[in-house]
Every structure is written in structure tokens, then in C-alpha cells.
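Participant: Predicted model follows, preceded by the sequence.
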Amino acid sequence: MAEYVVEFGRDGGRVESDGRLDAPAFHRNHEPLWTALGKHLIGRSGDVVEVGSGTGQHVVHFARHTPDLVWWPSDLNQRHVKSIEAWRVHSGLKNVRSPLRIDLSDPDWCPEMKSGQGPNNLAAVFCANVIHIAPWTVAEGLFAGAGRYLRSDGQLILYGPFKRDGKHTALSNAVFDTSLREGNPDWGVRDLGDVETLARGAGLRLVDTIEMPANNLTLVFARG
């Protein structure tokens, strides 16, 4: 079953004195996620933006495996931003930048994307467990921004639960989807076909679909 936490640090998890938060899901999925990402990122150079970084644990883990990539984490939640920065400092990694405050409901994302103070050689955008716990406008903004900022060989990598042809891939995902929509009718597990339609509108196409644990998928989009 897919999982979500809208705000880490209010879920009873550990909070370190420097503000580092701990996401239980990180300990379960960071290795499968890296296996999927590594297939497309190992050996590449440039910048990678992670949108919706949460605690910041994932970006630190991925950056350790990719010394030639510069990772730019981001989040809108101030508690998450503090945790991301704390994990960055704690890691000592030179290829993780301080977090951006990206608002995916805005197709421009954040001022740094245009001011020259943010990433300017965007090899990839990574987004995990976001578009099902946000309004559809967030998915629209994600693809619009990726289509605008990715370089010619750049990729958008999306992870989470998805429906296929309007049907859930597992009963647990159907139950999860119902619980999301009961809490907020603008949320919910998205259909792969609708996501591909967004991608085409942004000049992207689905080039890889990777089956993941807990009935999730990793989707990789590249320029058409």
C-alpha cells in the first residue's frame, strides 16, 4: 500500500536537535528507489532538482552515489526545508545545495530557476510521492516546469502509485485512493494515461516504466 505524510515532524517521528527529521518510509524505499534512479543517472553530470524532498534523507543518499551530479532539493513546508538543510550540513556532501522553495502550482517554480542562482544545466527532475497528495494543478506545474527547464537530454523521473487504464493496480491502492479523496477531493491516485497526456503537452514522452515495491511505479520521461 502506498504511504504519505503531509508534514514530517508531526507524525511522531524522531526530530534531532538540529532539525533533522526521520521518515520511516526512507528506510524501506531508499534502496529500491536508488536502483531505479541509478539506471538513468549513473555516469551523468549536471544538475538534478528534487521537488518535494520531505525530510532530505533521500537526496543525501542519492548524492552519495552520484558525485558528478549536483542535487538541488526543494520543499514548501518550512519544517521540511529546515530538515533538508540540516541533513545537507550533516552529510558534508559538496554536491547537495541548500533547499529551494519550489511551488509546483506555479509553472515557473521559483525565482532562482530564472535568476541564475539555481540550477542551469538540468539533467533530471525527480519527484516522489507528490502528485497524489496535491491538486491536479501541481502535476500540471510539475510537467510544465520540467518541459521548460530540462536540457535536451534531460529526464523527469516520477515515483508513486498510479492507475492504469482507469483501474487500480492493487486493492490496497484503491483503498488508499478512497481515503485520500475522502480527506480532500482534489487529491487521489492519478491515472497513467492522464499523466502521459500532461507529458506530451510539455514535449515529453514516457521512455521507461519500472515496477516498484508496494504497488508503486517509477516513470521516466524524456524529450520527444
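Facilitator: Great, that's in hand. Numbering: from 1, shown residues only.
Participant: ok, longest helix in the chain?
Facilitator: Across the chain, the longest stretch assigned as helix under DSSP state H is helix 24-41.
Participant: Put the alpha carbons of it into CSV.
Facilitator: The C-alpha trace of helix 24-41 is given here as CSV (Å, rounded to 0.1, in the frame of the first residue of the first chain):
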residue,chain,number,x,y,z
PRO,A,24,10.2,5.7,8.3
ALA,A,25,9.5,5.3,4.5
PHE,A,26,13.0,6.3,3.7
HIS,A,27,14.4,3.2,5.4
ARG,A,28,12.1,1.0,3.4
ASN,A,29,12.3,2.5,-0.1
HIS,A,30,15.7,4.3,-0.5
GLU,A,31,17.5,1.3,-1.9
PRO,A,32,14.7,0.3,-4.4
LEU,A,33,14.4,3.9,-5.4
TRP,A,34,18.2,4.3,-6.0
THR,A,35,18.2,1.1,-8.0
ALA,A,36,15.6,2.6,-10.3
LEU,A,37,17.2,6.1,-10.4
GLY,A,38,20.7,4.7,-10.8
LYS,A,39,19.7,3.1,-14.1
HIS,A,40,19.2,6.5,-15.6
LEU,A,41,21.6,8.8,-13.5
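Participant: for that helix, packing partners?
Facilitator: helix 57-65, strand 122-128, strand 155-160, strand 204-212, strand 216-223 (3 or more C-beta pairs under 8 Å, 6 or more residues apart in numbering; DSSP states H and E). Bear in mind the C-beta positions are built from the backbone N, C-alpha and C, glycine included.
Participant: Quick one: low-confidence residue ranges for this structure.
Facilitator: The model of the chain has pLDDT under 70 over residues 1-13.
Participant: try 90
Facilitator: Within the chain, the ranges that satisfy pLDDT under 90 run 1-16, 25, 107, 116, 224.
Participant: Look up the residues forming beta bridges with the residue nearest to the spatial centre of it.
Facilitator: Nearest residue to the geometric centre of the chain (C-alpha atoms, centre = their mean): C127, 1.6 Å. For C127, the beta-bridge partners are V51, L158 (DSSP bridges).
Participant: ok, now which ones touch it?
Facilitator: 50-52, 142, 156-159 (C-beta atoms under 8 Å, 6 or more residues apart in numbering).
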